[in-house]
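Peer 1: with the input below, show me the fold.
(chains A, B, C and D)
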Protein chains: 2
Amino acid sequence: MSPQSISPNRSVNLEDIAAKAGVSRSTVSRVVNNEPHVSAKTRERVLAVIRQEGYTPNPAARALVTQRTQVIGVVIPQVPIVLFEDAYYFPMLLQGISRVTHARDYAMLLWLGQSEEEERRYYQRVISNRLMDGVIIASAAADNPFIDHFLETNTPFVLVERPDRYQDQISYVTIDNESAAYDVVTHLVTLGRHRIGTVTGNLTIMDGVDRLAGYRRALSDSGLLMDEALIAEGDFTYRAGYQGAFRLLDQGVDAIFAASDITARGVFQALQERQVQVPDDVAVVGFDDLPTAVHISPSLTTVHHPIEQKGADAATILLDQIMGKVTTPQQRILPTHLVIRKSCGAMTG
Amino acid sequence: MSPQSISPNRSVNLEDIAAKAGVSRSTVSRVVNNEPHVSAKTRERVLAVIRQEGYTPNPAARALVTQRTQVIGVVIPQVPIVLFEDAYYFPMLLQGISRVTHARDYAMLLWLGQSEEEERRYYQRVISNRLMDGVIIASAAADNPFIDHFLETNTPFVLVERPDRYQDQISYVTIDNESAAYDVVTHLVTLGRHRIGTVTGNLTIMDGVDRLAGYRRALSDSGLLMDEALIAEGDFTYRAGYQGAFRLLDQGVDAIFAASDITARGVFQALQERQVQVPDDVAVVGFDDLPTAVHISPSLTTVHHPIEQKGADAATILLDQIMGKVTTPQQRILPTHLVIRKSCGAMTG
DNA sequence: CACATCATTGGGAGCGCTCCCGAAATCTAA
DNA sequence: TTAGATTTCGGGAGCGCTCCCAATGATGTG
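Peer 2: Prediction:
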């Protein structure tokens, strides 16, 4: 291996560097950790040896004494659901988290939920892993044991969604699902729709609950009849949209608010099969603004929310917490905006 | 914290357990690691104390002596490209890797590629991180430094694609892109198409190169004229398909082989804008079989390949390598199959 | 009953690092 | 020049574990 190579030499340690540079272990440690109390020329000499030998500190040894691993965990329990339906969300979130952890010299340990039979073992494994300085939890079911556990053990953690309890004791980043849903449904009302149905998201996830609440408030504020038959319970999936749409059509809706873009696609498919024109007969709006929302016909009116930013903010809060920069729980609610395209009927063409 | 809780108590160590159980550190270690030479009743007693105290071994301490971290790395350098265009591929791959690592009590460290300016630093960080027993590399550009590095340092690694060099010295899992492409293009020929164009994938990635090679061989075996003007270089993106399709239309094609389903969607859009009917005027086939391939109109004829399995196999090979179960490089080529839908014109309706 | 044999147990050494404290070197000022 | 202040440097202790080897106890044999 050439000395110029960037390859680390795993067999060389602090003591070796110290010997070669003619200084002590402690001095090398100071140089490596960029600490003061080392003269400029000594520092230079040590750095030269370090480069030449391709030395990299052993993270296990370091973690053993500092009690810090420079690793955070990212826990995504509901992958199977999330993945099959909206493959975009979770990589985008990871990307945001990754951007920040990378910039701050942290690494990320990924825990994807397994099958239901493996669920208990999965929880155990995540919880008993001690290689993480903190944890980001995304899309957990309401009854997940993580929140209680991490609160109990004083492990820094951040949720990427609104928790259903202990809201002021927990750090989280989310969007204002309720008012975003309110806005998009109100938009439909403004366009003259009177009988607006919805296919909801998963109601064990707060995102789903809040979007439904926004729908309810919009109808009530608009003085429209609140008809429970216009609510088709779903779970963010294509299938839910497809099946829900048939039920809603039978109720004679003139607009449908789908709790996700994927669900909206299912709705589209059902309407097409029934020869119902979008938006002329029934307007459709979604939620998420997936990249493909613009590629379907008619293009989908939906709510845009900054997923990548959500991940980045969650990571920032977590790392600030780990480093002691902040000591109180942080909550952040990111802005969304309505993206008006053709499926709502506001534009023609 | 209740003694029955599954929460680990991070402050308790081997010695503490030993004291409470009235045995030595060594005996507790044997119990924890499920080693022989401990009497049944001692083992029982120690296990009871471990459960009661919520003891979990400190992985840093363990790694320090064993030189094993129980962590593998997953390196995905080209996320920005992969992600925006085919958000499905990479989470699916992770899911497969995760399934196996979970079953075998390993954790996974995820390294997503950053912006181009950060590229060099990214490589450095991944390479100098010593927390991984082995690495899975997905969709790396041909000139990535990882292969050379990991070969040099004797780090176990597995590629998820065919490498462009050292093929017999490297473990990898892939699909037979060349013959899958061959089959799908030949299928078009069988349906009577004579002037078949292609929008290629990224030609710095072997998947792209091989699919093009399959296309070439199919034309040549069918005795069709090989016209370079029918090859529009792309990069797996929607945009590439959109732009490439216009160029191919000008060449008077009657069929287009898109190197990915996403690219096929771009092709669809271009054809629609030019009022060209699919499949009547121009047949279109894709590659990947994304879940949405069945949702577009007309549904897309494409090549299915087992992404999740790719991840699982890569993880299996890697872990076998780490554990010394295999000592020679392993190559695995997973089967693909043609999924015939409507866009190729083989089905009507 | 003495002695060899085998399973079980205990404790020292050491993995590579950080942290602390005391020693050495250097600088400052009278 | 010398005492004192300040900066730089060195080495011991210890993080929590595994691994090795020696000690102990149980069992069997002539």
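Peer 1: residue A:204 - that's part of a helix, no?
Peer 2: No. The assignment for residue A:204 is coil, going by DSSP: H, G, I helix; E, B strand; the rest coil, so no helix is present there.
Peer 1: mind checking how far it is from chain B?
Peer 2: Distance of residue A:204 to chain B, given as C-beta to the nearest C-beta, to the nearest Å: 21 Å. Every C-beta, even on glycine, is put in place using the N, C-alpha and C of the backbone.
Peer 1: right, and that residue touches residue A:141 too?
Peer 2: Yes. In this structure, residue A:204 is within contact of residue A:141 by C-beta atoms under 8 Å, at 5.4 Å.
Peer 1: tell me where the stretch 1-150 of chain A has helices.
Peer 2: A:14-21, A:25-32, A:40-53, A:59-66, A:79-85, A:89-103, A:119-128, A:146-152 (DSSP state H, counting those that start in this stretch).
Peer 1: of those, flag the one that's most buried.
Peer 2: Neighbour counts (mean count of other C-beta atoms under 10 Å in any protein chain shown) averaged over each of those peak at helix A:89-103, with a mean of 24.
Peer 1: circling back: and the helices of the stretch 1-150 of chain A: which comes nearest residue B:185?
Peer 2: Closest to residue B:185 of those, according to C-beta to C-beta: helix A:79-85, at 29.5 Å.
Peer 1: averaged pLDDT, the closest one. What do you get?
Peer 2: Confidence for helix A:79-85, expressed as mean pLDDT, is 62.
Peer 1: and if you look at stretch A:54-73?
Peer 2: Confidence over stretch A:54-73 (mean pLDDT, whole number) is 95.
Peer 1: gap between it and the chain center?
Peer 2: When C-alpha coordinates are averaged (C-alpha atoms, centre = their mean, to the nearest Å), stretch A:54-73 and its chain have centres 27 Å apart.
Peer 1: next: stretch A:50-66.
Peer 2: Taking C-alpha atoms, centre = their mean, one finds the center of stretch A:50-66 at 32 Å from the center of the full chain.
Peer 1: measure that stretch end to end?
Peer 2: For stretch A:50-66, the separation between the terminal residues is 22 Å (C-alpha to C-alpha, to the nearest Å).
Peer 1: so residue A:223 sits in a helix?
Peer 2: No. Counting by three-state DSSP, residue A:223 is not part of a helix but coil.
Peer 1: how close does it sit to residue A:311?
Peer 2: As for residue A:223, its distance to residue A:311 is 39 Å (criterion: C-beta to C-beta, to the nearest Å).
Peer 1: now render the helices of the stretch 1-150 of chain A as CSV, adding distance to chain B.
Peer 2: Formatted as CSV, those follow (distance: least, C-beta to the nearest C-beta, whole Å):
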stretch, distance to chain B
helix A:14-21, 13
helix A:25-32, 12
helix A:40-53, 11
helix A:59-66, 4
helix A:79-85, 5
helix A:89-103, 4
helix A:119-128, 5
helix A:146-152, 5
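Peer 1: could you dump these to a markdown table with distance to residue B:44?
Peer 2: A markdown table is the format used below for the helices of the stretch 1-150 of chain A (distance: least, C-beta to C-beta, whole Å):
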| stretch | distance to residue B:44 |
| --- | --- |
| helix A:14-21 | 42 |
| helix A:25-32 | 44 |
| helix A:40-53 | 49 |
| helix A:59-66 | 30 |
| helix A:79-85 | 37 |
| helix A:89-103 | 43 |
| helix A:119-128 | 21 |
| helix A:146-152 | 27 |
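Peer 1: residue B:335: which of these is closest?
Peer 2: Closest approach to residue B:335 among the helices of the stretch 1-150 of chain A (C-beta to C-beta): helix A:79-85, 22.0 Å.
Peer 1: packing partners of the helix or strand that contains residue A:267?
Peer 2: Assigned by DSSP states H and E, residue A:267 belongs to helix A:261-273. Helices and strands touching helix A:261-273, by 3 or more C-beta pairs under 8 Å, 6 or more residues apart in numbering or on different chains; DSSP states H and E, are strand A:196-199, helix A:238-250, strand A:255-258, strand A:283-285.
Peer 1: quick revisit: quick one: closest of the helices of the stretch 1-150 of chain A to residue B:102.
Peer 2: The closest of the helices of the stretch 1-150 of chain A to residue B:102 is helix A:119-128. By C-beta to C-beta, the value is 7.0 Å.
Peer 1: please pull out the lowest mean pLDDT helix or strand from chain A.
Peer 2: When the helices and strands of chain A are scored by mean pLDDT, DSSP states H and E, helix A:79-85 comes last with a mean of 62.
Peer 1: for the stretch 151-300 of chain A, which residue gets nearest to DNA strand C?
Peer 2: Nearest to DNA strand C, among the residues of the stretch 151-300 of chain A, is residue A:156, at 18.1 Å (C-beta to the nearest atom of the strand).
Peer 1: ok, that residue - contacts?
Peer 2: For residue A:156, the contact set (C-beta atoms under 8 Å, 6 or more residues apart in numbering or on different chains) comprises A:133-135, A:150, A:171, A:318, A:321-322.
Peer 1: tell me the pLDDT of it.
Peer 2: pLDDT recorded at residue A:156 is 96.
Peer 1: burial of the closest residue to it other than its chain neighbours, as a residue count?
Peer 2: Computed as C-beta to C-beta, 6 or more residues apart in numbering or on different chains, the closest residue to residue A:156 that is not its neighbour in sequence is residue A:134, at 3.7 Å. Number of residues near residue A:134 (other C-beta atoms under 10 Å in any protein chain shown) recorded here: 22.
Peer 1: list the contacts for residue A:134?
Peer 2: Counted by C-beta under 8 Å, 6+ apart, residue A:134 has contacts A:72-73, A:155-158, A:318-319, A:321-322.
Peer 1: and for residue A:229?
Peer 2: Residue A:229 neighbours (C-beta under 8 Å, 6+ apart): residue A:251.
Peer 1: what bridges to residue A:288?
Peer 2: Per DSSP bridges, the residues bridged to residue A:288 are residue A:304.
Peer 1: and the residue in the stretch 101-250 of chain A that DNA strand D sits nearest to, what's its pLDDT?
Peer 2: Residue nearest to DNA strand D within the stretch 101-250 of chain A (C-beta to the nearest atom of the strand): residue A:130, separated by 8.7 Å. Confidence at residue A:130, expressed as pLDDT, is 92.
Peer 1: over to the one 3 residues further on?
Peer 2: For residue A:133, the pLDDT comes out at 96.
Peer 1: surely residue A:284 meets residue A:345?
Peer 2: No. Applying C-beta under 8 Å, one finds residue A:284 not in contact with residue A:345, separated by 9.3 Å.
Peer 1: more crowded one of these two?
Peer 2: In terms of neighbours (other C-beta under 10 Å), residue A:284 is the more surrounded of residue A:284 and residue A:345; the figures are 29 against 23.
Peer 1: now that one: closest residue in space, sequence neighbours ignored.
Peer 2: Taking C-beta to C-beta, 6+ apart as the measure, residue A:284 lies nearest to residue A:343, with 4.7 Å between them; neighbours along the chain are not counted.
Peer 1: tally of neighbours for the one you found?
Peer 2: Around residue A:343 there are 28 residues (other C-beta under 10 Å).
Peer 1: do residue A:145 as well
Peer 2: Counted by other C-beta under 10 Å, the residues lying close to residue A:145 total 16.
Peer 1: ok, now residue A:142?
Peer 2: Per other C-beta under 10 Å, the neighbour tally for residue A:142 reads 14.
Peer 1: go on, residue A:333?
Peer 2: Other residues close to residue A:333 by other C-beta under 10 Å number 13.
Peer 1: not counting the helix or strand containing it itself, show me its contacts.
Peer 2: Here residue A:333, judged by DSSP H and E, is contained in strand A:331-334. Residues from elsewhere that reach strand A:331-334, judged by C-beta under 8 Å, 6+ apart: A:167, A:171-176, A:305-306, A:309-310, A:313, A:317.
Peer 1: buried by neighbour count, from these: which ones?
Peer 2: Neighbour counting over these (16 or more other C-beta atoms under 10 Å in any protein chain shown) leaves A:171-176, A:305-306, A:309-310, A:313, A:317 as the buried ones.
Peer 1: now those residues in TSV, with distance to DNA strand C?
Peer 2: Shown next, in TSV, are those (distance: C-beta to the nearest atom of the strand, whole Å):
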residue	distance to DNA strand C
A:171	25
A:172	30
A:173	30
A:174	35
A:175	38
A:176	41
A:305	40
A:306	36
A:309	33
A:310	32
A:313	28
A:317	24
